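Trainee: fold the following, please.
(one chain, ligands or ions: 1)
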Amino acid sequence: MTIATHQPPATTHPPTTLLARHLINGEFVDGVRGQTFDTLNPATNEVIGQVAEGTAEDIDLAVRAARRAFDSGPWRTMKAADRAKALRRIGDLIMRDQALIADTEILDTGIPIAQIKHGQVPRAADNFYFFAEMATRMTGESFPVDSAFLNYSILRPVGVAGLITPWNTPFMLETWKLAPCLASGCTCVLKPAEWSPLSADRLAHLVQEADLAPGVVNVVHGFGEMAGAPLVAHPDVQLISFTGETTTGQEIMRHGAATLKRFSFELGGKSPVVIFPDADLDRALDATVFGVYSLNGERCTAGSRAIVHRSIYDDFVAALAERVRRVRVGPPSDPQTELGPLIHPDHWARVRDYMDIGRAEGAEILVGGDRPAGLPQGNYFAATLITNVRNDMRIAQEEVFGPVLTVIPFADEAEAVRLANDVKYGLAAYLWTGDTARAHRVAHAIESGMVWVNSHNVRDLRTPFGGAKWSGVGREGGHYSFEFYCETKTVHVALGQHPIPKMGK
Ligand code: NAD
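Mentor: Below is the predicted model:
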């Protein structure tokens with residue numbers, strides 16, 4: 001087996017921050033207990049920085065600051081146009097520092113620079129520009145009732161939000177939560193993931209520079225059980241927007257029940273790519289390869305299950321194998337790299353374990369399946385293609401969250417839909433066909449929050465984003481974000497002398 005690799009060029013740029021501290025009430029502070037943890041470079045597993053390790057005490061300080069900023073600060077009550085200006089300022093600062101942010105992100109996550117620079121960082125700025133615009137368009141509905149009443153609804157920010165983010169594409173996902181939260185007038189405590197905290201620290205510095213009132217945005221670093229759990233349990237936090245694993249979502253929902261939290265969950269996925277023989281197969285091939293191996297395969301919406309019509313199965317798998325062998329694995333700082341190292345040695349071991357699990361179940365690792373030759377250090381894992389797969393195998397059912405694609409043949413449309421739906425997840429689906437009627441039919445039949453037809457994962461920020469089944473609860477994006485961050489209040493106004501029943505007269 002030959003796997004394309006190239007040798008490491010110069011080391012990555014130095015990190016921008018070697019000590020990431022909490023941002024609480026407008027100041028960068030150490031944790032109350034003074035503890036820190038290390039963050040590693042996935043390309044070498046060397047320590048690149050220390051991070052304040054938050055605990056319940058830090059969370060409490062941050063939530064109190066966010067509460068004060070919400071109750072008495074100007075953020076909630078200022079003109080929407082002024083909030084929008086502040087959001088645009090953050091977007092501009094991201095664009096100003098895009099090279100620095102990209103360097104930080106590749107160093108901390110291992111995502112290839114080409115995918116960060118031209119994808120994730122500009123998208124992060126767009127999140128702020130987009131929700132700046134949305135802030136000025138927040139509106140309700142009116143319900144005239146004959147000439148007797150005018151009822152109308154208005155949106156009011158709920159309060160303090162806890163934003164809990166995962167380690168994959170951290171900067172983009174943090175901004176995806178922070179921008180609508182701020183646009184709505186809520187204040188927040190962000191708890192970034194412990195395996196990739198450095199870009200959240202950059203974001204904290206940019207927010208600080210944008211000069212929002214103290215306490216509007218607080219960032220507390222730390223581990224899930226130590227910092228995330230107290231945020232979820234805190235009685236002064238009303239909202240939890242969480243992106244991460246489904247099992248963590250279940251835990252958070254249990255924890256938040258006592259204080260009746262409102263949840264928005266973006267969870268795991270095992271998204272199908274269904275390919276019919278009448279599709280543009282060259283484009284389907286390009287999209288399938290990019291959809292699962294970009295962002296190191298650590299992508300919630302990865303199309304990790306190709307479901308291919310029997311009549312084209314052999315040819316399509318051969319073409320896939322050829323492309324997958326050529327995916328360039330290497331250091332994330334190299335512009336030629338297509339697939340960088342996985343986030344952490346523990347995650348590498350988890351992905352590697354799935355190879356043994358797959359083999360034991362009878363699947364064939366056609367390409368990849370292990371560390372690529374020539375890259376002895378770091379968490380490198382070859383682009384992997386698995387065939388001989390049955391849909392009930394763990395490798396076809398469970399989220400691997402790495403550069404691993406399984407392929408399964410189908411005989412007809414009904415079987416394609418059955419296979420696509422026969423998983424607990426339902427985040428995204430991709431569908432390739434030249435038959436318009438079938439495209440709509442199958443798109444409607446697949447159980448997922450989002451379907452892309454003859455398209456790779458291109459998003460318009462106005463559209464609702466989220467998952468069905470075990471992939472999520474609720475939708476964010478466009479005005480859907482405001483349904484989460486805002487209370488819809490209905491005002492009922494009598495326009496005349498309507499009859500009022502008289503009691504006790
Ligand atoms: P994870 O669930 O392990 O951790 C996510 C965050 O939750 C981290 O900040 C972690 O510290 C925190 N956390 C862990 N336990 C907690 C607890 N008990 N209480 C509160 N917070 C807690 O997820 P991960 O491994 O960081 O990320 C990978 C997962 O995220 C994958 O399953 C992936 O599909 C999913 N994801 C989903 C989307 C989406 O939009 N649907 C996007 C990106 C990632």
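Trainee: ranges for the helices of the stretch 401-505 of the chain?
Mentor: Assigned by DSSP state H, counting those that start in this stretch, the helices in the stretch 401-505 of the chain fall at 413-421, 436-445, 480-485.
Trainee: around the ligand, pick out the residues from the stretch 51-200 of the chain.
Mentor: Ile164, Thr165, Pro166, Trp167, Asn168, Leu173, Lys191, Ala193, Glu194 (Cβ under 6 Å from any ligand atom). C-beta coordinates here come from the backbone N, C-alpha and C atoms, glycine included.
Trainee: okay, now the fourth one: neighbour count?
Mentor: The reference is to Trp167. By other Cβ atoms under 10 Å, the residues close to Trp167 number 20.
Trainee: secondary structure class for it?
Mentor: Under DSSP: H, G, I helix; E, B strand; the rest coil, Trp167 falls in the coil class.
Trainee: show me what contacts it?
Mentor: Contact analysis of Trp167 by Cβ atoms under 8 Å, 6 or more residues apart in numbering lists Thr109, Ala193, Glu194, Trp195, Ser196, Glu298, Ile343, His344.
Trainee: re the thing from before, of all the helices of the stretch 401-505 of the chain, which lies closest to the ligand?
Mentor: Across these, the ligand has its closest neighbour in helix 480-485 (13.1 Å, Cβ to the nearest ligand atom).
Trainee: what packs against the closest one?
Mentor: Judged by 3 or more Cβ pairs under 8 Å, 6 or more residues apart in numbering; DSSP states H and E, the packing partners of helix 480-485 are helix 121-135, helix 170-184, strand 239-243.
Trainee: name the residues that touch it?
Mentor: Here helix 480-485 makes contact (Cβ under 8 Å, 6+ apart) with 131, 134, 138, 155, 157-158, 161, 180-181, 183-184, 186, 239, 241, 262, 264, 464-466, 474-476.
Trainee: residues of that helix that come out buried?
Mentor: For helix 480-485, a neighbour-count test (16 or more other Cβ atoms under 10 Å) marks Tyr480, Ser481, Phe482, Glu483, Phe484, Tyr485 as buried.
Trainee: same check, this time on stretch 69-87
Mentor: Ala69, Phe70, Gly73, Trp75, Arg76, Ala80, Arg83, Ala84, Ala86, Leu87.
Trainee: residue closest to the middle of this protein?
Mentor: Leu173 (4.9 Å; Cα atoms, centre = their mean).
Trainee: surely it touches Ala179?
Mentor: No. Leu173 is not in contact with Ala179 according to Cβ atoms under 8 Å; the separation is 11.1 Å.
Trainee: what sits against Ile312?
Mentor: Ile275, Pro277, Leu281.
Trainee: hmm, 6 Å instead?
Mentor: Pro277 (Cβ atoms under 6 Å, 6 or more residues apart in numbering).
Trainee: what pLDDT does the model give it?
Mentor: Per-residue pLDDT puts Ile312 at 98.
Trainee: before we move on, back to that, could I get the helices of the stretch 401-505 of the chain as JSON lines with distance to the ligand and mean pLDDT?
Mentor: Listed next are these as JSON lines, based on distance: least, Cβ to the nearest ligand atom, whole Å; pLDDT from 0 to 100:
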{"stretch": "helix 413-421", "distance to the ligand": "17", "mean pLDDT": "98"}
{"stretch": "helix 436-445", "distance to the ligand": "19", "mean pLDDT": "98"}
{"stretch": "helix 480-485", "distance to the ligand": "13", "mean pLDDT": "97"}
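Trainee: and the ones you listed, which is most packed in?
Mentor: helix 480-485 (a mean of 22; mean count of other Cβ atoms under 10 Å).
Trainee: from the chain's centroid, how far away is it?
Mentor: 16 Å (Cα atoms, centre = their mean, to the nearest Å).
Trainee: any chance of TSV for the helices of the stretch 401-505 of the chain, columns distance to Leu405?
Mentor: Formatted as TSV, these follow (distance: least, Cβ to Cβ, whole Å):
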stretch	distance to Leu405
helix 413-421	15
helix 436-445	20
helix 480-485	30
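Trainee: re earlier: quick one: which of the contacts of Trp167 sit in helices?
Mentor: Taking DSSP state H as the definition of helices, the contacts of Trp167 contribute Thr109.
Trainee: just give me the neighbour total for Lys424.
Mentor: Other residues near Lys424 number 13, with proximity taken as other Cβ under 10 Å.
Trainee: same check on Gln50?
Mentor: With other Cβ under 10 Å as criterion, Gln50 counts 16.
Trainee: ok, Glu27 next?
Mentor: Glu27 has 12 neighbours, counted by other Cβ under 10 Å.
Trainee: check the one 4 residues further on too.
Mentor: Residue crowding around Gly31 was assessed by other Cβ under 10 Å; the count is 23.
Trainee: could you list every residue that touches the residue nearest to it when sequence neighbours are not counted?
Mentor: Excluding its sequence neighbours, the residue lying closest to Gly31 (Cβ to Cβ, 6 or more residues apart in numbering) is Ala52, at 4.5 Å. Taking Cβ under 6 Å, 6+ apart as the criterion, Ala52 is in contact with Arg21, His22, Asp30, Gly31, Thr36, His221.
Trainee: count the residues that sit near the fifth one.
Mentor: Put plainly, it is Thr36. Thr36: 17 neighbours (other Cβ under 10 Å).
Trainee: what distance do you get for it to the ligand?
Mentor: The gap separating Thr36 from the ligand is 16 Å, by Cβ to the nearest ligand atom, to the nearest Å.
Trainee: mind checking which helix or strand the closest residue to that residue other than its chain neighbours is in?
Mentor: Nearest residue to Thr36, sequence neighbours excluded (Cβ to Cβ, 6+ apart): Gln50, at 4.2 Å. Here Gln50 sits within strand 46-52, counting by DSSP states H and E.
Trainee: please save the CA atoms from that strand in CSV.
Mentor: Coordinates of each C-alpha in strand 46-52 appear next as CSV, following Å, rounded to 0.1, in the frame of the first residue of the first chain:
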residue,chain,number,x,y,z
GLU,A,46,4.8,19.0,22.0
VAL,A,47,3.3,21.4,24.6
ILE,A,48,2.6,24.8,23.0
GLY,A,49,0.9,26.6,25.8
GLN,A,50,-0.6,26.6,29.2
VAL,A,51,-4.3,27.3,29.7
ALA,A,52,-6.1,28.3,32.9
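Trainee: assumed Pro272 was part of a helix.
Mentor: No. Counting by three-state DSSP, Pro272 is not part of a helix but strand.
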